[in-house]
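Chemist: How does the following fold in three dimensions:
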Amino acid sequence: MTVTDTGLSAALQSLNGALAAYGRPGASVGQWRWQLRQQMAAVRDALVAEAGNGADGWTVAREGGMLRERNALLARLGTLGPRVLEHPDPDVVHADVQRLLVDVGHHAQRLHDLAYDEVELELGGSE
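Modeler: Sure, this is the predicted structure:
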């Protein structure tokens, strides 16, 4: 499974930046919500760009798990998108998106681990 590392990393950094803007003086909550929603769309696009590499061997099951995890994250993004703009309490929105950011970050780390394991398998590893 591959993803453009810079695409997902950049999208996560931008989403983190939008989250950090919450409550800053001079910024309206409406603008913050809109910026947050735009950055969530970038994360969604980066997740959609993930593709399985069709590898054989012991990583196939892990790759299938990563695809299921990605689909669950995409579903959460779809559910959370309208809430970002419509939920009456911006603190709840901030907490929900913060949790999503952490979960997508963990997913990205697992993608890196899987890619490393695939390369190690191809090169024969250190064993």
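
Chemist: what about this protein, any weak spots by pLDDT?
Modeler: For the chain, applying pLDDT under 70 flags the ranges 1-5, 51-59, 118-127.

Chemist: Go again with 80.
Modeler: Across the chain, residues meeting the criterion (pLDDT under 80) sit at 1-6, 51-62, 115-127.

Chemist: OK, contacts around Ala21?
Modeler: Contacts for Ala21 (CB atoms under 8 Å, 6 or more residues apart in numbering) come out as Ala27, Trp32, Gln35. All C-beta atoms are positioned from the backbone trio N, CA, C, and that covers glycine.

Chemist: repeat that for 6 Å
Modeler: Ala27, Trp32 (CB atoms under 6 Å, 6 or more residues apart in numbering).

Chemist: On the three-state scheme, Pro25 is what?
Modeler: At Pro25 the chain is in coil, as set by DSSP: H, G, I helix; E, B strand; the rest coil.

Chemist: So it versus Asp89, what's the distance?
Modeler: Separation of Pro25 from Asp89 (CB to CB, to the nearest Å): 20 Å.

Chemist: Tell me which of these two has more neighbours.
Modeler: Asp89 (8 against 4; other CB atoms under 10 Å).

Chemist: and the gap between that one and Gln13?
Modeler: Asp89 is 26 Å from Gln13, by CB to CB.

Chemist: Kindly report the same for Thr79.
Modeler: The value you get for Thr79 to Gln13, if CB to CB is used, is 23 Å.

Chemist: One more: Asp117?
Modeler: 25 Å.

Chemist: more crowded one of these two?
Modeler: Taking other CB under 10 Å, Asp117 and Gln13 do not tie; Asp117 has more neighbours (15 against 11).

Chemist: The more buried one is in what secondary structure piece?
Modeler: helix 90-123 (DSSP states H and E).

Chemist: What residues sit buried inside that helix?
Modeler: Using 16 or more other CB atoms under 10 Å as the test for burial, helix 90-123 gives 90, 93-94, 96-97, 100-101, 104, 107-108, 111, 114-115, 118.
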